[in-house]
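Enquirer: Return a 3D structure for these sequence lines:
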Amino acid sequence: MFKLFHKGFTLAEVLITLGIIGIVAAMTLPALIQKNNSIALETAFKKAYSNLYNAYMMVIGEEIPVYVPNPTEDRPDGDPDVNSQFAQAVYSKYRKIRKISDKEKTEYKKSAKNFTRTAVMGSPQCSQFMGGADAFITPDGSALSIVQNCGALWFTIDTNGIKKGPNALGHDIFIFQIPRGSKSKKLTPATTESEVKCDENGQNCGYNDTAETREKCSHTSKSNINGATCAAYAIQNKCPGDDTKTYWECLP
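Expert: Prediction:
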């Protein structure tokens, strides 16, 4: 009569196997998380941009003037207007949850980062970040601000809202514009933005336009508003500086 022997794994073999699984997981998990985050950001961008474009096109169809001078004593050229008629008309096409308060704007700005997420975002001088008087949060969680300034109408969107990260230019914060006098009245990605730099005391401010800060959608730019011109790359799904990757694959 034969006896059957059932041989199991030894404790050492189990520990070795678990160790290998742990190493593999540690190597692959960050990449999977990064990929999922990139997919989520891409989806949010497409939705927020589509909503903005549709609202913009409806207002264009109503033939509301895009850019109307609003002269003041300080600015007789009539350039700045944080709540222009065109802006109000675009806002009206959305279902809004609520306006963004001044306190929220201040806290949001302190948390926002540049494209490489290595520095707190500076102050985009033309788009004024979320400076629009009626900047608001939409039902899908995104946020929108429109400001007339610097010879254009500027649209800033946070595709997943002010409470959800990463709150970084070129990741979930994007800037669009309609240039003053544009015959096509076309909503275009921002191609330039002004960056102001001050001393440690917040005084002696001037435009920061050095060679290392001029590019504002780059993995190497030293601009504190690096990412301000990334919307064009996001729409085309092209990685700035690397043709082998898509835009969302190459986010820093």
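
Enquirer: residue closest to the middle of the chain?
Expert: Ile173 (1.2 Å; C-alpha atoms, centre = their mean).

Enquirer: Burial check on the closest residue to it other than its chain neighbours, number of neighbours?
Expert: Using C-beta to C-beta, 6 or more residues apart in numbering and skipping the chain neighbours, the partner closest in space to Ile173 is Asp158 (5.2 Å). (Each C-beta comes from the backbone N, C-alpha and C, glycine too.) By other C-beta atoms under 10 Å, 28 other residues sit near Asp158.

Enquirer: now do Thr17
Expert: Thr17 has 11 nearby residues by other C-beta under 10 Å.

Enquirer: please renumber so the chain begins at 809
Expert: In the new numbering, first residue 809, that becomes Thr825.

Enquirer: State whether it is indeed within a helix.
Expert: Yes - remark: Thr825 belongs to a helix, assigned using DSSP: H, G, I helix; E, B strand; the rest coil.

Enquirer: what about it, distance to Ile831?
Expert: 11 Å (C-beta to C-beta, to the nearest Å).

Enquirer: Going by residue numbers, what spans are helices in the stretch 959-1060 of the chain?
Expert: 1019-1022, 1039-1044 (DSSP state H, counting those that start in this stretch).

Enquirer: between these, which gets nearest to Gln956?
Expert: Among the helices of the stretch 959-1060 of the chain, the nearest to Gln956 by C-beta to C-beta is helix 1039-1044 (18.5 Å).

Enquirer: average model confidence for that closest one?
Expert: Taken as a whole, helix 1039-1044 has an average pLDDT of 96.

Enquirer: contacts for it?
Expert: With C-beta atoms under 8 Å, 6 or more residues apart in numbering as the test, helix 1039-1044 has contacts from 853, 857, 978, 982-984, 997-999, 1025, 1047-1048, 1055-1056.

Enquirer: cutoff 10 Å now
Expert: Contact partners of helix 1039-1044, identified using C-beta atoms under 10 Å, 6 or more residues apart in numbering, comprise 849-850, 853-854, 857, 963, 965, 967, 977-979, 981-985, 996-999, 1025, 1035, 1046-1049, 1054-1056, 1058-1059.

Enquirer: Just the ones in strands from the residues you listed, please.
Expert: Phe963, Ile965, Ile981, Phe982, Ile983, Phe984, Gln985, Thr996, Pro997 (DSSP state E).

Enquirer: Looking at neighbours, which among those is most surrounded?
Expert: If you rank these by neighbour count (other C-beta under 10 Å), Ile981 sits at the top with 30 neighbours.

Enquirer: For that one, which residues are in contact?
Expert: Contacts of Ile981 by C-beta under 10 Å, 6+ apart are 916, 920-923, 929, 932, 935, 937-938, 951, 964-968, 970, 974-975, 1035-1036, 1038-1039.

Enquirer: still on that earlier bit, most packed of the helices of the stretch 959-1060 of the chain?
Expert: helix 1039-1044 (a mean of 19; mean count of other C-beta atoms under 10 Å).

Enquirer: quick one: strands adjacent to the worst-scoring helix or strand of the chain on mean pLDDT?
Expert: When each helix and strand of the chain is scored by mean pLDDT, DSSP states H and E, strand 1014-1015 comes last, with a mean of 74. Paired with strand 1014-1015 in the same sheet, following DSSP bridges, are strand 1004-1005 (antiparallel).

Enquirer: Check what pLDDT Gly973 gets.
Expert: On the pLDDT scale, Gly973 gets 84.

Enquirer: Just give the closest residue to it, not the sequence neighbours.
Expert: Asp980 (7.7 Å).
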